[in-house]
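**Student:** Provided below are the primary sequence and the corresponding predicted coordinates.
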Amino acid sequence: MEQKIQIVDTTLRDGSHAVRHSFTEEQVSAIAAGLDRCNVPLIELSHGDGLGGSSYTYGFSKRNEFLLLKAAAKQIKNGKLTVLLLPGIGTIEDLKKAYDCGAKAVRVATHVTEADVSAQHIEAARRLGMMTVGFLMMTHMAEPQVIAEEAKKMESYGADYINLADSAGFLLPEDVAARVKAVKEAVSIPVGFHAHNNLNLAIANSLAAVEAGARYIDATLRGLGAGAGNTQIEVLAGVLKRKGIDTGLDFYGLMDLAERSVEPLMQRPQTVDNGSLMLGYAGVYSSFLLHVYDAAKKYDLDPRDIMIELGRRRMVGGQEDMILSEAYQLKQQAG
Ligand SMILES: C[C@H](O)CC(=O)C(=O)O
Ligand SMILES: [Mn+2]
């Protein structure tokens with residue numbers, strides 16, 4: 001039975017950022033099998049920057065992502081194995097290969113004002129018979145009405161629902177509600193929300209999205225994800241249960257899976273550390289965090305100063321290559 005609120009787990013995709021894309025087939029198999037047993041309907045797995053992300057710019061994957069997809073597909077009996085695709089990083093050929101590996105759903109992600117670059121990929125996914133989601137990133141960088149117009153474009157290409165990402169973890173609950181409401185009024189398909197916890201607001205923002213009418217909420221085990229991580233799925237399951245919203249998730253099972261299979265592979269505490277806090281405060285793409293730390297170390301700079309500059313220059317996903325040059329400029333200015 002389809003639940004009123006569908007939880008999308010992205011531990012094996014957004015979480016890939018947090019482990020520097022080091023997932024193995026063994027880890028993926030254990031987590032995917034556990035999430036499926038816990039009745040998670042959509043289980044997302046890809047490089048953190050989506051299919052084709054394994055590169056010098058975004059970070060090389062330890063294991064070929066198509067082998068990881070095949071490993072996960074063997075374990076998932078009920079849910080849908082889902083992939084992320086950023087046009088320009090991933091290709092339609094990558095999507096077809098992911099489909100052949102067992103992916104049943106794809107989330108085609110673009111910057112919030114660039115929905116038009118998703119048309120070919122959404123249409124190709126529909127031709128493959130995949131559940132197809134339009135995923136708008138960095139939604140703090142556009143006003144609700146602009147986002148609504150972008151969402152309508154993705155709906156017109158054939159998206160089954162529209163996912164709004166607070167990629168910088170910058171939004172406040174009222175900002176999330178305004179965005180979800182504006183998109184819900186503009187399209188006739190469901191709306192989803194993807195939080196980052198950089199201001200410790202992931203659960204609050206996810207609740208605001210639900211109260212504003214969102215039907216799909218992204219989350220990860222132990223909040224494993226870019227920056228300070230995402231909404232923590234085991235916490236979300238408990239909070240929604242307290243609100244009388246049945247997600248169909250196995251509350252105890254998620255807690256046990258997080259403790260057994262995710263905690264041991266975490267490379268750093270999934271907390272709001274100084275760098276993650278600055279991501280949320282300055283409105284910087286969460287996937288930049290570890291790249292900023294590397295640049296700060298290379299040029300002996302405070303990572304927070306680099307983040308302030310990246311936010312001031314309104315850098316967006318895909319501009320990871322600009323981080324080093326911004327750090328170099330700051331170093332030169334410091335003399
Ligand atoms: C490629 C990004 O990591 C997608 C995402 O999770 C976000 O925008 O947040
Ligand atoms: Mn994210």
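**Tutor:** On my side now, so go ahead. Ligands and ions are numbered 1, 2, ... in the order given.

**Student:** host element of the closest residue to P303 other than its chain neighbours?
**Tutor:** Leaving aside its chain neighbours, P303 sits nearest to A296 (4.0 Å; criterion: Cβ to Cβ, 6 or more residues apart in numbering). Glycine gets a C-beta too; all of them are placed from N, C-alpha and C. For A296, the element it lies in under DSSP states H and E is helix 289-299.

**Student:** Which strands or helices does that helix pack on?
**Tutor:** helix 274-282, helix 303-312, helix 321-334 (3 or more Cβ pairs under 8 Å, 6 or more residues apart in numbering; DSSP states H and E).

**Student:** Give the rounded mean pLDDT of whichever strand or helix holds V106.
**Tutor:** Per DSSP H and E: V106 is located in strand 105-111. The average pLDDT for strand 105-111 rounds to 98.

**Student:** what's the spacing between it and its chain's center?
**Tutor:** Centre-to-centre, strand 105-111 and its host chain are 10 Å apart (Cα atoms, centre = their mean, to the nearest Å).

**Student:** by contact count, what packs against that strand?
**Tutor:** strand 80-85, helix 119-127, strand 131-137.

**Student:** who touches the closest residue in space to M141 that isn't next to it in sequence in this structure?
**Tutor:** In space, M141 comes closest to V112 once its chain neighbours are excluded; the distance is 5.7 Å by Cβ to Cβ, 6+ apart. Listed by Cβ atoms under 8 Å, 6 or more residues apart in numbering, the contact set of V112 reads 136-139, 141-142, 146-147, 150.

**Student:** quick revisit: which stretch among the helices and strands packed on strand 105-111 comes nearest T11?
**Tutor:** strand 80-85 (11.7 Å; Cβ to Cβ).

**Student:** about what we covered before: what's the farthest-apart pair in the contacts of V112?
**Tutor:** Maximum pairwise distance in the contacts of V112, criterion Cβ to Cβ, is 13.8 Å, between M137 and V146.

**Student:** ok, those two, which is more surrounded?
**Tutor:** Shown here are M137 and V146; by other Cβ atoms under 10 Å, M137 has more neighbours (23 against 15).

**Student:** So that one sits against A165, correct?
**Tutor:** Yes: using Cβ atoms under 8 Å, M137 is in contact with A165, at 4.7 Å.

**Student:** burial measure for the nearest residue to V106 once chain neighbours are set aside, as a count.
**Tutor:** Once flanking residues are discounted, V106 sits nearest to A125: 4.7 Å by Cβ to Cβ, 6+ apart. A125: 30 surrounding residues under other Cβ under 10 Å.
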